[in-house]
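Undergrad: missing the sequence, but the structure's below:
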């Protein structure tokens, strides 16, 4: 009897250790997947904020598994494919199963003039679990399911599951099952434009430093010339109205970097979205949505 009980104890201990080992391995895979997906999301937001000609835009997916975004002139070959890690100057991003990440892009944020205007008010096409205005989704495809026997391939259906491979813009997430094991990470419109808004506000403020005390353009240029900031626009004509402290941006009263003004600020209708406050003769505040930037003169180089 004692020997039998000892056998049972050892068997139970072995099972528990095996379960613990399996849980630990699964946790490590999940951690690797979460890290890779977070890196992808951060890179997409950074790319949107720093794009030279169309801030807010995103690269096309990679459809042939070479890490490079596929499309001509910003017209994407497909709006779902693998994550374009080479285009974004990243190392190869792999999930916990050793697979490259997948990526879906909202067509309205493609890097093409036909997609304009690209700004925080643009309605986006992607949804995730019914949530609207999704800019992009990063996927870990998970281990192949029973009907996904074509790997390796470039076919979406060999990697993404159920409604995620049917060719429309409505994507889903959910708990793992025998028929679904995609992991999805959404990049929302707000995720993108919280950062892009700061880029726009900095353009309007003017450069951090040029010549000490003499920025070339922006609100800081206006202050350098007038020893005060302009009054706000009480209407929508872009002209400051004397005595109006809070209103719209008086963009006709000061110069803005000509390259950004012509290439993307005006074509994407950014200036009318800016709220302006003249807090004092020497302090102004510019705001887009929940993003704000306080502007002070630039008395020395570098500016704060």
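TA: Thanks, I have the structure now. Here the structure is a predicted model, which means the values were calculated and not measured. Numbering: from 1, shown residues only.

Undergrad: In space, what's closest to the residue nearest the centre of the chain - neighbours in sequence excluded?
TA: For the chain, residue 45 is the residue whose C-alpha lies nearest the centre (Cα atoms, centre = their mean; 3.0 Å). Excluding its sequence neighbours, the residue lying closest to residue 45 (Cβ to Cβ, 6 or more residues apart in numbering) is residue 195, at 5.3 Å. Heads up, the C-betas are built off the backbone N, CA and C, glycines and all.

Undergrad: a helix runs through the one you found, doesn't it?
TA: Yes: secondary structure of residue 195 (DSSP: H, G, I helix; E, B strand; the rest coil): part of a helix.

Undergrad: OK, contacts around residue 52?
TA: Listed by Cβ atoms under 8 Å, 6 or more residues apart in numbering, the contact partners of residue 52 are residue 263.

Undergrad: actually residue 137, sorry about that
TA: 103-104, 126, 128, 171, 184-187.

Undergrad: Strand partners (parallel or antiparallel) of the helix or strand harbouring it?
TA: Element membership of residue 137 [criterion: DSSP states H and E] is strand 131-140. Applying DSSP bridges to the sheet, strand 131-140 is found paired with strand 102-105 (antiparallel), strand 126-128 (antiparallel), strand 183-188 (antiparallel).

Undergrad: Centre of the chain to the shortest one, how far?
TA: Translated: strand 126-128. A distance of 14 Å separates the centroid of the chain from that of strand 126-128, by Cα atoms, centre = their mean, to the nearest Å.

Undergrad: try stretch 215-225
TA: Taking Cα atoms, centre = their mean, one finds stretch 215-225 lying 31 Å from the centre of the chain it belongs to.

Undergrad: Only the buried residues of it, if you could.
TA: Going by neighbour count (16 or more other Cβ atoms under 10 Å), the buried part of stretch 215-225 is 215, 217-224.

Undergrad: ok, back up a step: would you confirm that the residue nearest to the centre of the chain belongs to a helix?
TA: Yes: assigned with three-state DSSP, residue 45 falls within a helix.

Undergrad: Look up the closest residue to residue 285, ignoring the ones flanking it.
TA: Per Cβ to Cβ, 6+ apart, closest to residue 285 is residue 277, 4.3 Å.

Undergrad: Tell me the pLDDT of that neighbour.
TA: The model reports residue 277 with a pLDDT of 98.

Undergrad: Could you give the bridge partners of it?
TA: residue 246, residue 285.

Undergrad: Quick check: residue 165 touching residue 157?
TA: Yes: in this structure, residue 165 is within contact of residue 157 by Cβ atoms under 8 Å, at 4.4 Å.

Undergrad: These two: which is more packed in?
TA: Just comparing residue 165 and residue 157: by other Cβ atoms under 10 Å the higher neighbour count belongs to residue 165, 18 against 15.

Undergrad: From residue 72, how far out is that one?
TA: 25 Å (Cβ to Cβ, to the nearest Å).

Undergrad: ditto for residue 47
TA: 19 Å.

Undergrad: And the two? Which one has more around it.
TA: residue 47 (19 against 9).

Undergrad: Roughly how far does the more buried one sit from residue 128?
TA: For residue 47, the distance to residue 128 (Cβ to Cβ) stands at 20 Å.

Undergrad: And for residue 288?
TA: To residue 128, residue 288 is 25 Å away according to Cβ to Cβ.

Undergrad: ditto for residue 240
TA: From residue 240 over to residue 128 the distance is 43 Å, taken as Cβ to Cβ.

Undergrad: again with residue 247
TA: Residue 247 is 37 Å from residue 128, where distance means Cβ to Cβ.

Undergrad: So the residue nearest to residue 285 sits against residue 245, correct?
TA: Yes: using Cβ under 8 Å, residue 277 is in contact with residue 245, at 6.4 Å.
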